[in-house]
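**Student:** sharing a model prediction with you, sequence too.
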Amino acid sequence: MSERRFRVTRTLLAVSLALLAGMNSRAQVPGQGPALPTAPRPTHSLENLNYVGGDAQVPSLADSIIDVNSEYRQALLRKGMAFRIVVQTQYIQNLLNAPVPAHQQVYVGQRPFEGAMVQPIFSADLQQLHLRKAQLYMGGVWNWVSWNPNGPKTLQLWDLYFYKAFGENRIQMKAGYISMNLDFVGLFVGGSTATGAPGVYAVLPYEVGMSYFPLTAPAVTFRVRGPKNLYLKSAAQRSLDPAGGPAEVARNHTGFRFIPHGDKLLLINEGGYLRNARAHAHEAWFRAGYMYNMTGYTSAVTGRKESGNYCGYALMDNQLRRSSQEHPSQGLYAGGSFMTVSNALNPYSRYYEARLYEEAPFRGRPNDILSVVASRTGYSRYFANNLVAQGKTVWRASTTLTGTYAMRVSPGNYFSLGLSYDYGPAISPRVPNALNIVASWTGYF
């Protein structure tokens, strides 16, 4: 009887989410209803208070559920300050099999997964201190998940840093507590935190100790913009805990702890070519980098702590065609990724991704993204062989295919719905393949 209820619930959920996505997408198709209003054109001073100096784009401060022209917003703006709150909820569930008991779960969606986060952010342009092209950026986060390995659950500092640009923005510097996943690699499909999604298993930089949302670490970063769209970036960051996010939170509850015992230096270097879309040129972005961690990781070969963990990566995104002359960035894109880490020190050892995505797939929906992402993650042969020696079953790799439609429903209000098929969803045990439905909502206040 419980199995029957599960199937009915699963079907109703899938149908309801599909109908919601369909209703919202049809609402702006020309001839079927009025288009949703676009965000007010931000002033230069307003956007100086938004997230700057990184790889990912955060929606404009004018793209908000709270009106940018409200007295609350304008009073802060007159003092060179801004305050926003980001709220997100997420749901993931496998549609092929009934949920397993809690103690048997080994991947996200094997049981219904819920996640929620609240992220208050304050920024100041520091003009009152007579500093130009500078910013104080700080934020906290409450992050809750129904399955802690995909979290972690935490209430802590997210970012607290000073930003300064020099020489017509040719040199940019940040110093403080930083979540690096917005500053390096470029994992977001389409480049936006509102509509983009990381690769399904693109976790290799995090294995090697790079800080990522909702976790933070003290760091200093430099970016140098060279001639002909070239750039170089470097960072020195205190490594996250080698045991992962839950262990990091257990040792550093508030996020303020500067150097927990055993966490040493992570060095990141990246070079790339970035040409923004314009009237006579398509967008193109190539980046490659290398991370080196001096922290000791437990080797699956020797069983001892060893330093020298690393991650090498190369990614490319290129605009194939433009769909609007007025908005050059809109159109069809293709991209690919490759990442590699030490087989002996990390359970996930290789990552390959191919992606195809369309910005503004429908004329009446200029802020939406439709994406298809195929990925393959190779599991470490040393970790897998050790599990086999213990009598456990294993997968040697995971292959995924994910389709997602992300939409801007109204100012500051984003919804995405996707399906992801995963062949080999966990290293061990060798559980059946999964078809996960993934739904998320993000609100910018």
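**Tutor:** Nice, thanks for sending it over.
**Student:** once you drop chain neighbours, what's closest to Gly403?
**Tutor:** Val372 (5.1 Å; Cβ to Cβ, 6 or more residues apart in numbering). All C-beta spots, glycine's among them, are computed from the backbone N, C-alpha and C.
**Student:** ok, and what's touching the helix or strand harbouring that neighbour?
**Tutor:** In the assignment (DSSP states H and E), Val372 maps to strand 369-379. Identification of contacts with strand 369-379 by Cβ atoms under 8 Å, 6 or more residues apart in numbering yields 189-190, 192, 195-197, 199-202, 347-359, 361, 394-406, 427.
**Student:** for the residue nearest to Gly403, grab the count of nearby residues.
**Tutor:** Neighbours of Val372 under the rule other Cβ atoms under 10 Å: 15.
**Student:** how far away is it from Ser192?
**Tutor:** 17 Å (Cβ to Cβ, to the nearest Å).
**Student:** for the stretch 101-250 of the chain, which segments count as strands?
**Tutor:** Ranges of strands in the stretch 101-250 of the chain, per DSSP state E, counting those that start in this stretch, are 113-124, 134-145, 154-166, 171-178, 217-225, 230-238.
**Student:** quickly run through the sheet partners of the first one, with directions.
**Tutor:** In other words, strand 113-124. Using DSSP bridges, strand 113-124 pairs in its sheet with strand 81-94 (antiparallel), strand 134-145 (antiparallel).
**Student:** sorry, back to before: nearest to Ile437, of the strands of the stretch 101-250 of the chain?
**Tutor:** strand 113-124 (10.5 Å; Cβ to Cβ).
**Student:** which positions in the closest one come out as buried?
**Tutor:** Residues of strand 113-124 classed as buried by neighbour count (16 or more other Cβ atoms under 10 Å): 113, 115, 117, 119-124.
**Student:** worst-scoring helix or strand of this structure, pLDDT-wise?
**Tutor:** Across the helices and strands of the chain, mean confidence by mean pLDDT, DSSP states H and E is lowest for helix 2-26: a mean of 40.
**Student:** what residues are up against Tyr51?
**Tutor:** 58, 123, 137, 182.
**Student:** any idea how far it is from Thr298?
**Tutor:** 35 Å.
**Student:** again, but for Asn48
**Tutor:** 45 Å.
**Student:** out of those two, which sits in the more crowded spot?
**Tutor:** Ranked by neighbour count (other Cβ under 10 Å), Asn48 and Thr298 place Asn48 first, with 21 against 13.
**Student:** so that one versus Ala165, what's the distance?
**Tutor:** Between Asn48 and Ala165 the distance, using Cβ to Cβ, works out to 10 Å.
**Student:** and for Tyr273?
**Tutor:** Per Cβ to Cβ, Tyr273 is found 20 Å from Ala165.
**Student:** who's more crowded, those two?
**Tutor:** Ala165 (18 against 15).
**Student:** next up, the contacts around that one.
**Tutor:** Ala165 is in contact with 53, 133-134, 171-173, counting by Cβ under 8 Å, 6+ apart.
**Student:** just to revisit the earlier point, from the contacts of strand 369-379, which land in strands?
**Tutor:** Among the contacts of strand 369-379, DSSP state E puts 348-359, 397-406 in strands.
**Student:** any weak-confidence spans in the protein?
**Tutor:** By pLDDT under 70, the low-scoring segments of the chain are 1-44, 196-201.
**Student:** surely Gly115 touches Pro152?
**Tutor:** No: contact criterion Cβ atoms under 8 Å: Gly115 and Pro152 do not qualify, at 11.0 Å.
**Student:** identify the contacts common to the two.
**Tutor:** Common neighbours of Gly115 and Pro152 (criterion: Cβ under 8 Å, 6+ apart): 143, 145.
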